[in-house]
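Participant: sequence first, then the predicted structure:
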Amino acid sequence: MIVENNQERIEQARNAGFAVHQGDGSDTEVLQSAGAENAKIIVAATGDDDANLLISQLSQSKFSPDRVIARTNNPENVDAFEELGVRTISPAMATAQAMDDYIERPAMARWMQGIGDSGDVQEIEVTAEPLIGQTIRELGPQLPEGCIIGLVCRDADTFVPEADFTLERGDRVTFIGRKEAVREAMKWAHPEE
């Protein structure tokens, strides 16, 4: 759900297929009517760091999402967000990282640019009982063709799993591959989604 006040941006987002709630994202009642109390993640992405900080504070104090992510336009403001436990994304740093990727990892950068067309990368919690207690080696042949497990996150540690790594309930896995194969793997690992 996108919360937006600008009518032109609302129409653009709706035409692109997004659900949009009209209103001021720094207003608690607007956030509540947009469903913020049920949101796992809230993103504050305005062009104004003060507004993003206010939205982040409101989100954490009133709605308790799992994560709050904010755009920071001025790198000097990152500390204020991080003191609140808010993950920040800087357009300048994202651009620098993208340029570095094209220099250092050109094949990966080209593939990542195509995500959404034919490829996909998705992270999901493993809840399917048949997968619990199996190793990556055992799971490999069961994965849809064109899909791999690239990363595992357990207890806030993220790593590339060895073949003999055993999955536990609650592990988060990152599937990488063809779009259809990744979607199938997500349903396989977390049938409730």
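Facilitator: Right, received. Where do you want to start? Numbers count the residues shown, from 1 in each chain.

Participant: drop to CA atoms for contacts and neighbour counts, all remaining ones
Facilitator: Will do.

Participant: can you give me the helices for this structure?
Facilitator: Remark: helices assigned in the chain by DSSP state H are 7-15, 28-33, 49-58, 78-83, 91-104, 106-113, 136-139, 179-189.

Participant: lowest average confidence across those helices, which one?
Facilitator: Lowest mean pLDDT of those: helix 106-113, a mean of 85.

Participant: ok so, going back, can I get the helices of the chain in JSON lines including distance to residue 126?
Facilitator: Converted to JSON lines, the helices of the chain look like this (distance: least, CA to CA, whole Å):
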{"stretch": "helix 7-15", "distance to residue 126": "32"}
{"stretch": "helix 28-33", "distance to residue 126": "30"}
{"stretch": "helix 49-58", "distance to residue 126": "29"}
{"stretch": "helix 78-83", "distance to residue 126": "29"}
{"stretch": "helix 91-104", "distance to residue 126": "29"}
{"stretch": "helix 106-113", "distance to residue 126": "24"}
{"stretch": "helix 136-139", "distance to residue 126": "12"}
{"stretch": "helix 179-189", "distance to residue 126": "5"}
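
Participant: export those to TSV and append columns for mean neighbour count and distance to residue 124.
Facilitator: Formatted as TSV, the helices of the chain follow (neighbours: other CA atoms under 10 Å; distance: least, CA to CA, whole Å):
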stretch	mean neighbour count	distance to residue 124
helix 7-15	13	26
helix 28-33	16	26
helix 49-58	20	24
helix 78-83	15	25
helix 91-104	13	24
helix 106-113	13	19
helix 136-139	16	15
helix 179-189	19	7
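
Participant: mind checking which of those is nearest residue 169?
Facilitator: helix 179-189 (10.3 Å; CA to CA).

Participant: list the contacts of the closest one.
Facilitator: With CA atoms under 8 Å, 6 or more residues apart in numbering as the test, helix 179-189 has contacts from 115-122, 124-128, 131, 143-147, 175-176, 193.

Participant: which of the residues you listed are buried, as a PyMOL select command?
Facilitator: Selecting only the buried members of the contacts of helix 179-189 in PyMOL, with burial defined as 16 or more other CA atoms under 10 Å, works like this:
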select buried, resi 119+120+121+122+124+125+126+127+131+143+144+147+175+176
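
Participant: mind listing which of the contacts of helix 179-189 are in strands?
Facilitator: When the contacts of helix 179-189 are checked against strands (DSSP state E), the matches are 119, 120, 121, 122, 124, 125, 147, 175, 176.

Participant: of all those, which two lie farthest apart?
Facilitator: 119 and 125 (20.0 Å).

Participant: endpoint to endpoint, stretch 173-184 covers what distance?
Facilitator: Using CA to CA, to the nearest Å, one end of stretch 173-184 lies 14 Å from the other.

Participant: next: stretch 42-61.
Facilitator: Stretch 42-61: ends 12 Å apart by CA to CA.
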